[in-house]
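Participant: sequence first, predicted coordinates after that:
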Amino acid sequence: MAPRANWKGFLRLSLVTCPVALYPATSESEKISFNQLNRQTGHRIKYLKVDADTGDEVPNEDIVKGYQLEKDQFIEVTKEELEEIALESTRTIEIDEFVDKADIDPRYLIRPYYIRPDGKVGHDAFAVIRETIREMDKVAIGRVVLTNREHIIGLEPMGKGLVGTLLRYPYEVRSEQEYFDEIQDVKVTKDMLDLARHIVNQKAGQFDPEKFEDHYETALIELINQKRAGKPIVPKERPRGVNVVDLMDALRKSVGGAPAAKTAAPKKSTKKPKKAAAGQKEMLMPISGRKPKDAAAKKPAAGAKRKSA
């Protein structure tokens, strides 16, 4: 079953309109998350909304938004006033223009969403818009309001649906000049480039996300399992960086030691994902967000000194 829609409204191309729903295309809910605990009691930390001056807790109905003009001086803005800002993109994704995908700077990309028809009506109009974008081989640019903010969104066909990627505004993207200006101008010789190209050719392949494993997530699972089982935690030696003294010598050694990508890629694509998936299932404690059926029946860990509240 698909998750709940983040947004429902209409997709419009000129006079062609159809109801659509927008769903998150990515999720981090499977990642391990931690709670903050009181070291002395083992109880969870609870956050309260308190008045900065009196220290008294403030109920949600008494909390309003405020824009700070200067120290201790704010302009209050109510929820009703914010809702009065009527933007058409609150309910409609209006396609404003079509652009080449190569024209979109990767720095402007935020996150992707899946878009599909909402309900049983509008599938014909949706298909017309989708196939028009596909036929033109362009990215359709529109606007949508999410979490009370208007965003630019780029629409591309994917199978029977659309992928909408939120885009940043220019004021949200920092200029690279303040970071790159101090990089020294270095002359790279043809020999260096030839060796570097050879290394690239040895490692050349096709992007397949299934080949990659989240090593940090795997290490977290291993750490939690060891603590759950009461096993001692032995610190692992940290990798150390090596200063390159002779760049040409380093390139030559890299050429001699670089493995061919064609032989390594198939092994990674078939075995790595299974290992990661198995690691999730073999955890002795549940991943955050999933309640085990027999959690109450399990005995506390041998290394646990207190019960967390």
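Facilitator: Yep, that arrived. Numbering: from 1, shown residues only.
Participant: tell me the SS of A125?
Facilitator: Under DSSP: H, G, I helix; E, B strand; the rest coil, the three-state class of A125 is helix.
Participant: please look at it and C18 and confirm they touch.
Facilitator: Yes - A125 is in contact with C18 according to CB atoms under 8 Å; the separation is 3.7 Å. Bear in mind the C-beta positions are built from the backbone N, C-alpha and C, glycine included.
Participant: low-confidence stretches in this protein?
Facilitator: Within the chain, the ranges that satisfy pLDDT under 70 run 1-2, 86, 241-245, 257-309.
Participant: can you map out the helices along it?
Facilitator: Counting by DSSP state H, the segments of the chain that form helices are 79-83, 123-136, 177-180, 190-203, 215-228, 247-257, 261-281.
Participant: need the ones you listed in CSV (columns: mean neighbour count and distance to V50).
Facilitator: As requested, those are exported to CSV (neighbours: other CB atoms under 10 Å; distance: least, CB to CB, whole Å):
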stretch, mean neighbour count, distance to V50
helix 79-83, 10, 21
helix 123-136, 16, 48
helix 177-180, 8, 38
helix 190-203, 13, 55
helix 215-228, 14, 33
helix 247-257, 13, 57
helix 261-281, 12, 38
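Participant: so for D72, which of the ones you listed sits nearest?
Facilitator: Comparison of the helices of the chain against D72 by CB to CB identifies helix 79-83 as nearest, at 21.8 Å.
Participant: using CSV, write out the CA atom coordinates for that closest one.
Facilitator: Written as CSV, here are the backbone C-alpha positions of helix 79-83 (Å, rounded to 0.1, in the frame of the first residue of the first chain):
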residue,chain,number,x,y,z
LYS,A,79,-2.2,30.9,11.2
GLU,A,80,-5.3,32.5,9.8
GLU,A,81,-3.3,35.4,8.4
LEU,A,82,-0.9,33.0,6.7
GLU,A,83,-3.8,31.1,5.1
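Participant: could you dump stretch 143-159 to CSV, C-alpha only?
Facilitator: Backbone C-alpha positions of stretch 143-159 (Å, rounded to 0.1, in the frame of the first residue of the first chain) are rendered in CSV as follows:
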residue,chain,number,x,y,z
ARG,A,143,5.1,25.6,-8.8
VAL,A,144,3.6,23.8,-5.8
VAL,A,145,2.9,24.8,-2.2
LEU,A,146,4.3,22.3,0.4
THR,A,147,4.6,22.9,4.1
ASN,A,148,3.2,26.4,3.6
ARG,A,149,6.0,27.4,1.2
GLU,A,150,5.9,27.7,-2.6
HIS,A,151,8.4,25.6,-4.4
ILE,A,152,9.5,25.3,-8.0
ILE,A,153,9.0,21.7,-9.2
GLY,A,154,10.4,19.9,-12.3
LEU,A,155,8.2,17.2,-13.8
GLU,A,156,9.5,14.2,-15.8
PRO,A,157,7.7,11.0,-16.9
MET,A,158,8.6,7.7,-15.2
GLY,A,159,6.7,4.7,-16.4
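Participant: run through who's touching that stretch.
Facilitator: The list of residues contacting stretch 143-159 from outside it, by CB atoms under 8 Å, 6 or more residues apart in numbering, reads 6-7, 9, 22, 82, 87, 89-90, 93-96, 99, 101, 104, 108, 110, 113-115, 130-131, 133-134, 139-142, 162-169.
Participant: go on, stretch 78-90?
Facilitator: By CB under 8 Å, 6+ apart, the list of residues contacting stretch 78-90 reads G9, V64, K65, E94, G142, R143, V144, V145, N148, E150.
Participant: with stretch 14-25 instead?
Facilitator: Here stretch 14-25 has contacts from 2-11, 92-93, 111-119, 121-126, 128-129, 144, 163-164, using CB under 8 Å, 6+ apart.
Participant: return the distance of it from the chain's centre.
Facilitator: 23 Å (CA atoms, centre = their mean, to the nearest Å).
Participant: which among the contacts of stretch 14-25 count as buried?
Facilitator: 5, 7, 9-11, 92-93, 112-118, 122, 125-126, 129, 144, 163-164 (16 or more other CB atoms under 10 Å).
Participant: could you dump the contacts of stretch 78-90 to CSV with distance to L223?
Facilitator: What follows is these, written out as CSV (distance: CB to CB, whole Å):
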residue, distance to L223
G9, 44
V64, 43
K65, 40
E94, 49
G142, 45
R143, 44
V144, 40
V145, 42
N148, 39
E150, 42
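Participant: pretty sure I45 contacts N38?
Facilitator: Yes - shown here, I45 and N38 form a contact pair, counting by CB under 8 Å, at 6.4 Å.
Participant: with neighbour numbers in mind, choose between the two.
Facilitator: For I45 versus N38, neighbours defined as other CB atoms under 10 Å are more numerous around N38 (13 against 8).
Participant: thought that one was touching K46?
Facilitator: No - N38 is beyond contact range of K46, at 9.9 Å (criterion: CB under 8 Å).
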